[in-house]
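Asker: please work out how this folds:
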Amino acid sequence: YFRAWSRPRRGSIAFRAAARHSSFVAAETKPASNGIKHVPNKIVGYLLYIAVVAQFLLVAEPPARAQGFQTSFANAILIDAGSGAVLYEKAPDELVTPASTVKIMTAELVFRELADGRLKLDDEFVVSEHAWRDGGTRAGGSAMFLQVNSHVRVEDLIRGLVIDSGNDAAITLAEGVAGAEEAFVMRMNKRGSELGLTKSSFGNPWGQAGPDQKVTPRDMARLADHVIKTYPDYYRYFGEKEFLWNKIKQSNRNPLLTMSIGVDGLKTGNIDEKSGFGIVVSAVEEGRRLILAAYGARTAKDRADEARKLLQWGFRNFEEKDLFKAGETVGSAQVYGGAKGSVSLAAEQDVKALLQRGSSEKLSGRIVYEGPVVAPIEAGAKIGRVEIKRGALVVLDMPLVAAESVEEGPLYKRAFDAAYEYAASAIHVRLTKKH
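Answerer: Now for the predicted structure:
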């Protein structure tokens, strides 16, 4: 449990460790000297107008490096789906061309329609001339070999989308769900925003390159994680190894499905040498699921080899460590106008970190919230989040909630807090001007 104490730095507080968790020991952080060390601690503690950050250091017993792997992918991120921990990243927030991996978002919208009951697997959509001409074999891309004006079941179109990577299937699904491809694209972007894909934008449902069709590996890993956890009954289509349609049997374009390394789905993508070869893939080993989103391989072989190596490295080299149990106090936040001066913060689920086996590595962390938090506060109210880093790598970012209720304080207490706020603001302004 980390108790806040005053630190002479605007927008931040430090804390002292009062407990030991598993093999982790929280080390005390020392106040930094920045010329205001003589300001009374109580006043300094209220310099918290934009964000309050509690920093801590967690030290694991065995030693290690944060990244211990090199890959030829230009952009990549590997995450543990259970904890949300990042095991590896390489420029994961740069925009890349998704190519056919964009069909994961197309599938998400279709799966959502099915889950909400607005669509059924036996419903049929008509193949338009646009889907046949621009998404079929005549256009030179991957196709399901749909015939113009034919009626095709939704379930067959899903298989054509995720197994054959059919552009014609993607367009037919988009037109069937939204009435027009353009309307479907609007839904893609709206849904992406709802899912927190903050940097990605979508220009079409089938993977054609364009200025509006850009994603980041981090966003695509987040999307894959959502699809796997939200639609388990439909995610299984990604793992089917072949599909027969129109007397043409096509193998799944994901080469890792046949490597016996636990891979069970998602998509590959490639347009040309400039965009490179990309993949979003997931695998399970001994009940633990990893998700990899990687782009910019030079060849299809490089993509398969590098993806396999990254997944195997993730499974073989990390072990899980418990930091805090669900509901256990992680730290505290300053309270304004409350019966108490602070409120305890906890996570709603277990807080865990993945550390490299046989190594010792330091984890740094911080608690971030906007504050001081105004009373009254209800237990369970979302207050902030805890971030844990391994070196410069953010390996965990988890929301924190109030572990207790804090009632509004009496009038004299609110007046006292207001006076401190005013004094702190005045001192902050003077010291800012001076320095």
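Asker: neighbours of D302, how many?
Answerer: For D302, the tally of surrounding residues (other CB atoms under 10 Å) stands at 16. To be clear about C-beta, it is placed using only N, CA and C from the backbone, and glycine gets the same treatment.
Asker: ok, and the closest non-adjacent residue to it?
Answerer: S72 (5.9 Å; CB to CB, 6 or more residues apart in numbering).
Asker: residues contacting the residue nearest the centre of the chain?
Answerer: With distances taken as CA atoms, centre = their mean, R222 lies nearest the centre of the chain, 4.1 Å away. Residues counted as contacts of R222 (CB atoms under 8 Å, 6 or more residues apart in numbering) are 195-197.
Asker: make sure it is indeed in a helix.
Answerer: Yes. Inclusion of R222 in a helix is indicated when DSSP: H, G, I helix; E, B strand; the rest coil is applied.
Asker: and the gap between it and A178?
Answerer: R222 sits 23 Å away from A178, going by CB to CB, to the nearest Å.
Asker: if we can go back for a sec, make a PyMOL selection of the buried ones in the contacts of R222.
Answerer: The PyMOL command for the buried members of the contacts of R222 (criterion: 16 or more other CB atoms under 10 Å) is given here:
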select buried, resi 195+197
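Asker: can you redo the contacts of R222 as a markdown table with distance to I427 and secondary structure?
Answerer: Output for these, formatted as a markdown table (distance: CB to CB, whole Å; DSSP: H, G, I helix; E, B strand; the rest coil):
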| residue | distance to I427 | secondary structure |
| --- | --- | --- |
| L195 | 43 | coil |
| G196 | 38 | coil |
| L197 | 42 | coil |
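Asker: CSV for the contacts of R222, including pLDDT and distance to A283?
Answerer: Shown next, in CSV, are those (pLDDT from 0 to 100; distance: CB to CB, whole Å):
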residue, pLDDT, distance to A283
L195, 97, 22
G196, 95, 23
L197, 97, 22
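Asker: specify the local secondary structure of the residue nearest to R357 when sequence neighbours are not counted.
Answerer: Once flanking residues are discounted, R357 sits nearest to E319: 5.2 Å by CB to CB, 6+ apart. Under the three-state scheme (three-state DSSP), E319 adopts strand.
Asker: E319 reaches K352, doesn't it?
Answerer: No. The pair E319 and K352 does not pass the contact test of CB atoms under 8 Å, sitting 10.4 Å apart.
Asker: those two: which is more packed in?
Answerer: Set side by side, E319 and K352 show more neighbours around K352, with 20 against 11, by other CB under 10 Å.
Asker: how close does that one get to L292?
Answerer: Counting by CB to CB, the gap from K352 to L292 is 20 Å.
Asker: got it, and D225?
Answerer: As for D225, its distance to L292 is 11 Å (criterion: CB to CB).
Asker: who touches both of the two?
Answerer: Shared contacts of D225 and L292, defined by CB under 8 Å, 6+ apart, are found at I79.
Asker: tell me which of these two has more neighbours.
Answerer: Comparing D225 with L292 by other CB under 10 Å, the one with more neighbours is L292, at 29 against 19.
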